[in-house]
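*Asks:* Let's see this in three dimensions:
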Amino acid sequence: MIKLLTFDLDNTLWHTDPVIIRAETEGLQWLFEQAPEVAERFSTEQIRRKRIDLIRQEPELVHFISRWRIRSLELLLQECGYDRDTAADLAQRSFDVFQHHREDIVLFDGVEEAMAELAGDFTLVALTNGNANVFNTDAGRHFDHAIRAEEIGAAKPAPDMFLAALGYAGVAPHQSIHIGDDFKNDHEPAAALGMHTLQAALLGEDNWRDENSPPVFRDWRELPALIRSIARVDEP
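*Replies:* The predicted model follows:
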């Protein structure tokens, strides 16, 4: 019997790219106003490249993306002459602006209705490599639990988040379904553990599909029926 549903967030519950673009724009605009030396010295693209370069210098940050963003801003501010404490304060406050907009999302059509229907029958857990806190979004009220990579120090496709969700719900892998958009990060690791999977193709990208691909949905209004069809097959 299916008891647990785990959900990826980015590009599964909402379209992520416009959210990130707006969040980065707002966070940097705040920083430029508070520390104009940064805007005078670096372009937005240069700031982005410096953040990417940082992960090569400090690879341990790869699973801690909030810390990664803050650390890159701290170094940027120090390079512009700010002392360590001031740089840390400004970096954190700029990140807070970013994070506010990072969680200001627009759910895909049908998410609210589907989640409300499913929440009555299953345990719902969010699993994300991103740093959005689902409980700060409109979808949050439907979830029982959420796990972020930066909270446990391991990102998908590592099995850690899936195992943590199974442990939280107290169920075996075959009693769960994972729903996500990314074949490598969502389907493959979940299926390897013995979980059922469903693939979200809300943005129309499904050229990766082959005979080994999981069932796909392109509209959230299709999802409850798909889940219940798997649940019926799984019944003893």
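*Asks:* okay, CA-based contacts and neighbour counts for the rest of this
*Replies:* Noted.
*Asks:* So Gln9 sits against Asn133, correct?
*Replies:* Small correction: residue 9 is Leu, not Gln. No. In this structure Leu9 lies outside contact range of Asn133 using Cα atoms under 8 Å: 9.6 Å.
*Asks:* These two: who's more crowded?
*Replies:* Leu9 (24 against 17; other Cα atoms under 10 Å).
*Asks:* Find the nearest non-adjacent residue to the more buried one, please.
*Replies:* Thr128 (6.0 Å; Cα to Cα, 6 or more residues apart in numbering).
*Asks:* quick one, what contacts that neighbour?
*Replies:* Contact analysis of Thr128 by Cα atoms under 8 Å, 6 or more residues apart in numbering lists 8-10, 147-149, 155-156.
*Asks:* ok, the residues you listed vs Gly167, which is closest?
*Replies:* Distance to Gly167, by Cα to Cα, is smallest for Ile147 among the contacts of Thr128, at 11.9 Å.
*Asks:* Let me know the pLDDT of Glu205.
*Replies:* Glu205 is assigned 64 on the pLDDT scale.
*Asks:* can you map out the helices along the chain?
*Replies:* All helices of the chain, identified by DSSP state H, fall at 17-34, 36-41, 44-57, 65-79, 84-102, 111-119, 149-152, 160-169, 188-193, 223-234.
*Asks:* With respect to Pro215, which of these lies nearest?
*Replies:* helix 223-234 (8.2 Å).
*Asks:* For Leu127, which residues are in contact?
*Replies:* Contacts of Leu127 (Cα under 8 Å, 6+ apart): 6-9, 146-149, 161-162.
*Asks:* Quick one: residues in contact with the helix or strand of the chain with the lowest mean pLDDT.
*Replies:* Ranked by mean pLDDT, DSSP states H and E, the weakest helix or strand in the chain is helix 223-234, scoring a mean of 88. For helix 223-234, contacts defined as Cα under 8 Å, 6+ apart pick out 1-2, 114, 117-118, 175, 177, 217.
*Asks:* Go ahead and build a ChimeraX selection from the buried members of the residues you listed.
*Replies:* Here is the ChimeraX command that selects the buried residues among the contacts of helix 223-234 (16 or more other Cα atoms under 10 Å):
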select :2,114,118,175,177,217
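*Asks:* biggest separation within the contacts of helix 223-234, which pair?
*Replies:* Met1 and Phe217, at 21.7 Å, using Cα to Cα across the contacts of helix 223-234.
*Asks:* Make JSON lines out of the contacts of helix 223-234 and add distance to Glu74 and pLDDT.
*Replies:* Output for these, formatted as JSON lines (distance: Cα to Cα, whole Å; pLDDT from 0 to 100):
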{"residue": "Met1", "distance to Glu74": "50", "pLDDT": "91"}
{"residue": "Ile2", "distance to Glu74": "46", "pLDDT": "96"}
{"residue": "Ala114", "distance to Glu74": "42", "pLDDT": "97"}
{"residue": "Glu117", "distance to Glu74": "44", "pLDDT": "95"}
{"residue": "Leu118", "distance to Glu74": "43", "pLDDT": "97"}
{"residue": "Gln175", "distance to Glu74": "45", "pLDDT": "97"}
{"residue": "Ile177", "distance to Glu74": "40", "pLDDT": "98"}
{"residue": "Phe217", "distance to Glu74": "42", "pLDDT": "94"}
